[in-house]
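**Student:** show me the folded form of this:
(2 chains)
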Protein chains: 2
Amino acid sequence: MRISALAAEAGLPVATVKFYLREGLLHAGTATSATQATYDAGHLQRLRLVRALLGPVGLSVQQARSVLQLVDEPGDDLYSTLGRAVSALPPAAAPPGDESDPYPRARAALAALGQVYDPEFAAVAQLEAALAAAESAGMPISAERLAQYGRALTDVAEFDLARMPDEPRAAVVYTVLGTALYEPVMLALRRLAHQDAAVRRLRAAALPAPPVE
Amino acid sequence: MRISALAAEAGLPVATVKFYLREGLLHAGTATSATQATYDAGHLQRLRLVRALLGPVGLSVQQARSVLQLVDEPGDDLYSTLGRAVSALPPAAAPPGDESDPYPRARAALAALGQVYDPEFAAVAQLEAALAAAESAGMPISAERLAQYGRALTDVAEFDLARMPDEPRAAVVYTVLGTALYEPVMLALRRLAHQDAAVRRLRAAALPAPPVE
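**Tutor:** Have a look, this model is predicted:
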């Protein structure tokens, strides 16, 4: 298809598609003349990925380019590629405080959970920052709560991993989008599960039953 | 204690404490003369709450004031107060699209989970936006995934609710901080559980065992 058809199919202005081409986020079409090129379903799929990265995932053009590079060239060490791709997602991790033991809270928590981890992975610094914030607000995470949350999220992670495609490029896309796009789903579901539990505790029978589909 | 001691104890500049007093985020001390007042442990505790709301929780001064008003006057309908307090937390929900059925995806998901919900609660709009984003990126949440995530987060929510203090003001603080401050903990734990599961799947025995505490 021509660029105008590609843009229409993706629901984007032609200028946006041209911008993605110039920025190297979308691969060039097949030249059909000196001034025209043709695009296929692969381009459409890529556009959807680029839009997700720049939209709901919240990456800058430069950050999206780095992630797309990992999608395009996952290399031989898929584990390391997935780790780098997820580490490129928001939130940006703050630099470590004490160099000799930069993540003491995260280290203790992950040891308690018996989890293998790589401190280069940005989520370690994120966990440290989150645990420190809870602590300084006077609501530190108890050992019991850590065990409960850890168990629930291990179940989720096993489910997620079991559905990861084997093909490396598809695995990187699945990991990046499944991490970033499903996180807000999880947070909304937790808040709604709180509401559901609170109704039963605080206001039994005051709300109507859920609608039947 | 004097304001200087209060500020020192809280690790804040005196000017910041005075700003919180002027903005009505911190209640006045007990006047001991025309120009001096004395502050107690309640002020220190409140300062810690204000700092959490303006810092890691990410509220503006005006938003923090609304939340603190709910803490100070939880009223008779605690269920509704908790709902309003959580709805005041980020992320801000986008306005509904179709007025006659504003949250079709969230409605279907919550019906499938058998959960009671109130569409006034901002998390319904958040779930709708998150499900729509996943869908338009070509990664819609399957029924199987929804059931798995829903089960994990119901376990978490039951745990959280069971530990909510009975005293209404303490219940509002617990709910606000437990929602906002534990969310980044959960997301980091999911990413780290992915890493742990991926190590075993992709790189068995290539990383050292977790440190023993």
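**Student:** quick one: the nearest residue to A:P184 once chain neighbours are set aside from B:Y182, how far?
**Tutor:** Closest residue in space to A:P184, ignoring its immediate chain neighbours: B:A130 at 3.8 Å, by CB to CB, 6 or more residues apart in numbering or on different chains. Placement of C-beta: from N, CA and C, glycine included. Plainly put, B:A130 is 18 Å away from B:Y182 if you go by CB to CB, to the nearest Å.
**Student:** more neighbours: which of these two?
**Tutor:** B:A130 (26 against 22; other CB atoms under 10 Å in any protein chain shown).
**Student:** residues contacting the residue nearest the centre of chain A?
**Tutor:** The centroid of chain A falls nearest to A:A180 when counting by CA atoms, centre = their mean (2.0 Å). By CB atoms under 8 Å, 6 or more residues apart in numbering or on different chains, A:A180 lies in contact with A:P56, A:V57, A:G58, A:L89, A:P90.
**Student:** could you rerun that using 10 Å?
**Tutor:** A:52-53, A:56-59, A:67, A:86, A:89-90, B:133-134, B:137 (CB atoms under 10 Å, 6 or more residues apart in numbering or on different chains).
**Student:** and the longest helix for chain A?
**Tutor:** helix A:168-202 (DSSP state H).
**Student:** okay, buried residues for it please.
**Tutor:** Using 16 or more other CB atoms under 10 Å in any protein chain shown as the burial criterion, the residues of helix A:168-202 that qualify are A:168, A:171-199, A:202.
**Student:** check the offset of it from the chain's centre.
**Tutor:** 11 Å (CA atoms, centre = their mean, to the nearest Å).
**Student:** and if you look at stretch A:141-158?
**Tutor:** 19 Å.
**Student:** for it, buried residues please.
**Tutor:** A:141, A:145-146, A:148-150, A:152-158.
**Student:** any part of that stretch near chain B?
**Tutor:** Yes - Stretch A:141-158 is in contact with chain B by CB under 10 Å from any CB of the partner chain, via A:141-142, A:144-158.
**Student:** can you check stretch A:79-95 too?
**Tutor:** Yes - with CB under 10 Å from any CB as the criterion, chain B is reached by stretch A:79-95 at A:Y79, A:S80, A:T81, A:L82, A:G83, A:V86, A:S87, A:L89, A:P91, A:A93.
**Student:** quick one: secondary structure of the fourth one?
**Tutor:** Look at A:L82: counting by DSSP: H, G, I helix; E, B strand; the rest coil, its state is helix.
**Student:** on that earlier part again, what subset of the contacts of A:A180 is buried?
**Tutor:** Using 16+ other CB under 10 Å as the threshold, A:A52, A:L53, A:P56, A:V57, A:L59, A:V67, A:V86, A:L89, B:A133, B:A134, B:A137 are the buried ones among the contacts of A:A180.
**Student:** in helices only, show me those residues.
**Tutor:** A:A52, A:L53, A:V67, A:V86, B:A133, B:A134.
**Student:** grab the nearest non-local neighbour of the fifth one.
**Tutor:** Spatially, and ignoring its direct neighbours in sequence, B:A133 is nearest to A:P56 (3.9 Å; CB to CB, 6+ apart).
**Student:** low pLDDT regions in chain A?
**Tutor:** Applying pLDDT under 70 to chain A flags the ranges A:97, A:204-213.
**Student:** mind doing that once more with 80?
**Tutor:** Low-confidence segments of chain A, defined by pLDDT under 80: A:93-99, A:202-213.
**Student:** what about the strands in it?
**Tutor:** A:30-31, A:37-38 (DSSP state E).
**Student:** now do the contacts for the residue lying closest to A:G55 once chain neighbours are set aside.
**Tutor:** Of all residues not flanking A:G55 in the chain, B:A133 sits nearest, at 7.3 Å (CB to CB, 6+ apart). Taking CB under 10 Å, 6+ apart, we find B:A133 in contact with A:R51, A:A52, A:G55, A:P56, A:V57, A:L177, A:A180, A:L181, A:Y182, A:P184, A:V185, B:M139.
**Student:** go through those and say which is closest to B:A122.
**Tutor:** A:P184 (12.4 Å; CB to CB).
**Student:** residue contacts, that closest one?
**Tutor:** Counted by CB under 10 Å, 6+ apart, A:P184 has contacts A:P56, B:P91, B:Q126, B:L127, B:A129, B:A130, B:L131, B:A133, B:A134, B:E183, B:L187.
**Student:** what's the closest of those to B:G29?
**Tutor:** For the contacts of A:P184, the nearest to B:G29 is B:E183 (33.7 Å; CB to CB).
**Student:** quick one: contacts for the closest one?
**Tutor:** So, once contact is read as CB under 10 Å, 6+ apart, B:E183 ends up touching A:A130, A:E183, A:P184, A:M186, A:L187, A:R190, A:R191, B:V57, B:L89, B:P90.
**Student:** now those in a markdown table, with distance to B:A108?
**Tutor:** Converted to a markdown table, the contacts of B:E183 look like this (distance: CB to CB, whole Å):
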| residue | distance to B:A108 |
| --- | --- |
| A:A130 | 31 |
| A:E183 | 20 |
| A:P184 | 17 |
| A:M186 | 18 |
| A:L187 | 19 |
| A:R190 | 19 |
| A:R191 | 18 |
| B:V57 | 31 |
| B:L89 | 25 |
| B:P90 | 25 |
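**Student:** and of the residues you listed, the nearest to B:V14?
**Tutor:** B:V57 (23.5 Å).
**Student:** and the two most separated of the residues of stretch A:79-95 next to chain B?
**Tutor:** Farthest pair in the residues of stretch A:79-95 next to chain B, by CB to CB: A:Y79 and A:P91, 22.4 Å.
**Student:** could you report the distance from the residue nearest to A:P184 to B:P184?
**Tutor:** 16 Å.
**Student:** likewise for A:L177?
**Tutor:** A:L177 is 20 Å from B:P184, by CB to CB.
**Student:** try A:A162
**Tutor:** On the measure of CB to CB, A:A162 and B:P184 end up 25 Å apart.
**Student:** which residues does the closest residue to A:A137 other than its chain neighbours contact?
**Tutor:** The spatial neighbour of A:A137 that comes closest, neighbours along the chain excluded (CB to CB, 6+ apart), is B:A52 at 3.7 Å. The contact partners of B:A52, by CB under 10 Å, 6+ apart, come to A:133-134, A:136-139, B:59, B:64, B:173, B:176-177, B:180-181.
**Student:** out of these, the closest to B:L21 would be?
**Tutor:** Looking across those and measuring by CB to CB, the closest to B:L21 is B:A64, at 13.7 Å.
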